[in-house]
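Trainee: Pasting the sequence and the predicted model now:
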Amino acid sequence: MAFTLPVRLLYKAMTVTRLNDGSHPFQSYLDEDHTLTDEDTVRMAEQMVLLIATAVSELKRLFFIDSIMDSVKFIVFLYLLTYVGVQANGLTLVMSGVICAFSLPLLYKLQQERIDKIIKAVQLLVEKITEMVDLVVSLAKPPPAPAPPPAPALKHKQKTK
């Protein structure tokens with residue numbers, strides 16, 4: 001609106017001074033039909049419900065510790081977000097997110113080989129650390145309890161008179 005309002009006022013002033021024919025500068029955009037059909041609305045609603053259901057099931061899995069490693073990663077991520085929250089408020093984060101949304105694809109396109117190499121190295125490091133943690137967890141677990149021996153079969157002796 002910081003751009004469109006001055007342009008609209010300029011065109012209105014030009015119309016008043018008869019330098020313009022009185023056409024609206026954004027009429028082509030106003031004439032476009034952007035209504036949603038019933039099918040589009042149902043499809044979007046289904047996608048939103050699926051997205052919400054997936055998010056709820058994933059959060060449930062993380063909070064109730066279905067996988068220890070995933071829950072620990074989530075806890076560390078939330079802890080690191082507290083440092084971000086101390087340094088920036090919500091509006092700063094929104095602006096940073098918008099800037100990143102438009103500049104990161106260009107950065108990736110320009111530096112694709114280097115970024116792919118770094119990502120591959122980080123993935124290998126994460127895999128090694130995960131294997132080490134899994135090994136430590138498996139060594140720290142107590143061995144399974146031995147199965148109790150089967151009970152001896154009791155023989156009934158019949159008394160003879």
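Mentor: Okay, I see it.

Trainee: so Pro144, which of the three states?
Mentor: Per DSSP: H, G, I helix; E, B strand; the rest coil, the secondary structure class of Pro144 is coil.

Trainee: And for it, the neighbour number?
Mentor: Other residues near Pro144 number 6, with proximity taken as other C-beta atoms under 10 Å. Bear in mind the C-beta positions are built from the backbone N, C-alpha and C, glycine included.

Trainee: The most centrally placed residue in the chain: which element?
Mentor: Nearest to the geometric centre of the chain sits Ala55, at 8.5 Å (C-alpha atoms, centre = their mean). Using DSSP states H and E, Ala55 falls within helix 38-63.

Trainee: go on, Tyr79?
Mentor: Taking DSSP H and E as the criterion, Tyr79 maps to helix 68-87.

Trainee: Ala151 now?
Mentor: Using DSSP H and E, Ala151 maps to neither a helix nor a strand.

Trainee: how many other residues sit next to it?
Mentor: 6.

Trainee: Tell me the helices and strands packed up against the helix holding Ala55.
Mentor: Counting contacts by 3 or more C-beta pairs under 8 Å, 6 or more residues apart in numbering; DSSP states H and E, helix 38-63 packs against helix 68-87.

Trainee: rewinding a little: what angle do helix 68-87 and the helix holding Ala55 make with each other?
Mentor: Using axes from the mean of the first three to the mean of the last three C-alpha atoms, to 10 degrees, the inter-axis angle of helix 38-63 relative to helix 68-87 is 100 degrees.

Trainee: Report the distance from helix 38-63 to the chain centre.
Mentor: The gap between the average C-alpha position of helix 38-63 and the chain average comes to 13 Å, counting by C-alpha atoms, centre = their mean, to the nearest Å.

Trainee: The lengthiest helix in the chain to helix 68-87, inter-axis angle?
Mentor: As assigned by DSSP state H, the longest helix anywhere in the chain is helix 112-140. For helix 112-140 against helix 68-87, the angle by the same axes, to 10 degrees is 120 degrees.

Trainee: just to revisit the earlier point, can you give me the offset of the following helix or strand past the helix holding Tyr79 from its chain's centre?
Mentor: Using DSSP H and E, the helix or strand that follows helix 68-87 in sequence is helix 90-110. Distance of helix 90-110 from the chain centroid (C-alpha atoms, centre = their mean) equals 16 Å.
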